[in-house]
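> sequence and predicted structure are below.
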Amino acid sequence: MSSKRDVLITEVALRDGSHAIAHQYTVDQVTRVAKALDEANVPYIEVSHGDGLAGSSLQYGLSRTNEMELIEAAVAVCKQAKIAILLLPGIGTIEELKEAANLGVKMARIATHVTEADVSAQHIAKSKELGLETVGFLMMSHMAPTETLVEQAKLMESYGADVVYVVDSAGALLPHEARERIRALKQHLQIDIGFHGHNNLSLAMANTLVAIEEGATRIDGSVRCLGAGAGNTQTEVLVSVLDRLGIATGIDIYKMMDLAEEIVAPILQAPQEITRDSLVLGYAGVYSSFLLHAKRAAKTFNIDSRDILIELGKRKVVGGQEDMIVDVAAEIAKRNLEAAVR
Ligand SMILES: CC[C@H](O)CC(=O)C(=O)O
Ligand SMILES: [Mn+2]
């Protein structure tokens with residue numbers, strides 16, 4: 001296996017996939033997945049609560065296992081892969097960042113809403129000071145015009161980020177929109193550009209390939225699509241497609257396929273597919289991680305989860321506003337009741 005890498009892949013199933021399994025990862029699962037990914041020569045593995053460090057809460061979902069234990073377990077079994085964490089300023093703090101760095105984490109991804117990059121300044125600076133490779137992660141990138149995205153990415157670059165990602169949190173970007181965004185960032189920034197897709201409109205692979213065509217060299221994938229909503233670009237498929245295209249990832253294709261089938265598939269509560277709910281996430285431009293919350297609220301209020309998601313899309317609700325899901329569900333239930341007695 002060649003260790004040449006034209007594109008650096010970050011495997012996100014142990015972080016983004018946490019949303020899909022209601023943050024129920026065990027140390028044993030994380031150990032087995034991280035070890036197998038390391039043996040397949042995956043360069044970066046992200047491990048955290050789905051909403052990043054310190055995300056475990058009633059608002060976002062309580063973790064079964066303390067994420068620091070999960071990080072420690074992943075670090076312990078990786079010989080070549082670097083462990084990454086996600087941090088959303090305001091949810092995670094500098095204290096958790098330091099704790100993760102002490103455990104052996106090598107990369108920190110600092111995530112903000114696409115128009116709020118300024119809140120990442122001190123976290124990016126601290127991450128650099130701790131000697132971590134540092135990534136700016138601009139979430140819900142479909143919600144801002146390309147000029148705004150460029151402005152915000154430049155802020156992250158000016159704070160010291162080594163890489164900036166276009167994050168299609170809702171899986172709402174169409175290929176020409178992904179192309180325009182990556183092209184503009186390549187034109188205006190000196191640092192590396194990354195792309196993180198979600199497959200709600202079945203476009204994660206197409207958008208990823210377009211991003212690579214436009215010069216993105218940092219790409220996220222989730223093995224067996226174990227990510228929020230319909231999941232991310234499926235890593236083992238991506239690695240195979242890139243190999244066919246002559247783009248080196250350095251990842252062992254058979255080992256990726258085997259770990260997807262034998263280690264990750266049994267973790268899934270249900271196969272990751274594009275259901276009517278995940279399709280609505282992409283169609284209405286709603287945060288992929290809202291999926292389970294909306295389904296739960298729909299059950300509580302006996303309403304259609306799609307009505308909740310469509311309304312959240314109309315209101316342009318962003319990450320961190322999970323409390324709005326129940327508010328919206330209650331309003332819809334009240335409206336339905338009023339209509340029924342009229
Ligand atoms: C809530 C954080 C979010 O899951 C980060 C991410 O992966 C995305 O925005 O797609
Ligand atoms: Mn994601």
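All right, it came through fine. In this text, all values refer to a predicted model and were calculated from it rather than measured experimentally. Ligands and ions are numbered 1, 2, ... in the order given.
> ligand 1 contacts on the stretch 201-342 of the chain?
Residues of the stretch 201-342 of the chain lying close to ligand 1 (CB under 6 Å from any ligand atom) are 228, 288-289, 319. Using the backbone N, CA and C atoms, a C-beta is placed for each residue, glycine as well.
> who wins for most neighbours among the residues you listed?
Ala228 (30 neighbours; other CB atoms under 10 Å).
> so that residue touches Asn199, yeah?
No. Judged on CB atoms under 8 Å, Ala228 makes no contact with Asn199 at a distance of 10.2 Å.
> Throw the residues of the stretch 201-342 of the chain next to ligand 1 into TSV and include secondary structure, pLDDT and distance to Ala81, thanks.
Converted to TSV, those look like this (DSSP: H, G, I helix; E, B strand; the rest coil; pLDDT from 0 to 100; distance: CB to CB, whole Å):
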residue	secondary structure	pLDDT	distance to Ala81
Ala228	coil	98	22
Ser288	helix	96	24
Ser289	helix	96	24
Gly319	coil	88	27
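> which pLDDT value belongs to the residue of the chain found nearest ligand 1?
The minimum distance from the chain to ligand 1, using CB to the nearest ligand atom, falls at Ser169 (3.1 Å). Listed pLDDT for Ser169 reads 98.
> tell me, how many residues neighbour it?
Ser169: 31 surrounding residues under other CB under 10 Å.
> what of Thr300?
12.
> same check on Gln190?
Using other CB under 10 Å, Gln190 is surrounded by 7 other residues.
> that older thread, would you format the residues of the stretch 201-342 of the chain next to ligand 1 as JSON lines with distance to Cys78 included?
Listed next are these as JSON lines, based on distance: CB to CB, whole Å:
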{"residue": "Ala228", "distance to Cys78": "24"}
{"residue": "Ser288", "distance to Cys78": "27"}
{"residue": "Ser289", "distance to Cys78": "26"}
{"residue": "Gly319", "distance to Cys78": "28"}
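> report the contact partners of the closest residue in space to Phe137 that isn't next to it in sequence.
Leaving aside its chain neighbours, Phe137 sits nearest to Ala111 (3.8 Å; criterion: CB to CB, 6 or more residues apart in numbering). With contacts defined as CB atoms under 8 Å, 6 or more residues apart in numbering, Ala111 is in contact with 52, 86-88, 120, 137-139, 167.
> what about 6 Å?
Applying CB atoms under 6 Å, 6 or more residues apart in numbering to Ala111 gives the contacts 86, 88, 137, 139.
> element containing it, please.
In the assignment (DSSP states H and E), Ala111 maps to strand 107-113.
> bridge partners for Val167, pull those for me.
His196 (DSSP bridges).
> for Asp327, see how far away it is.
The gap separating Val167 from Asp327 is 25 Å, by CB to CB, to the nearest Å.
> how about Gly227?
According to CB to CB, Gly227 and Asp327 sit 26 Å apart.
> likewise Ile263?
According to CB to CB, Ile263 stands 39 Å off from Asp327.
> am I right that Val135 is in contact with Arg109?
Yes. Contact criterion CB atoms under 6 Å: Val135 and Arg109 qualify, at 4.2 Å.
> quick one, domains of the chain?
8-267, 289-341 (automatic domain parsing).
> and the ones you listed, which is most packed in?
Highest mean neighbour count of the domains of the chain: domain 8-267, a mean of 22 (counted as mean count of other CB atoms under 10 Å).
> sec struct for the closest residue to Gln80 other than its chain neighbours, please.
Spatial nearest neighbour of Gln80, chain neighbours left out: Asp38 (6.2 Å); criterion: CB to CB, 6+ apart. Using DSSP: H, G, I helix; E, B strand; the rest coil, the structure places Asp38 in helix.
> next, the contact list for Asp38, please.
Contacts for Asp38 (CB under 6 Å, 6+ apart) come out as 78-79, 81.
> returning to that earlier point: so which strand or helix has the residue of the chain closest to ligand 1?
Using DSSP H and E, no helix or strand contains Ser169.
> what do you get for Thr10?
Using DSSP H and E, Thr10 maps to strand 8-11.
> now do that strand, average pLDDT.
On average, strand 8-11 scores 98.
> could you do stretch 65-80 as well?
On average, stretch 65-80 scores 98.
> quick one: is it near ligand 1?
No. Judged by CB under 6 Å from any ligand atom, stretch 65-80 stays clear of ligand 1, getting no closer than 13.3 Å.
> repeat for stretch 136-156
Yes. Using CB under 6 Å from any ligand atom, stretch 136-156 reaches ligand 1 at Met139.
> give the contact list for Ile274.
Here Ile274 is in contact with 202, 230 (criterion: CB under 6 Å, 6+ apart).
> and the gap between it and Leu53?
Ile274 sits 30 Å away from Leu53, going by CB to CB.
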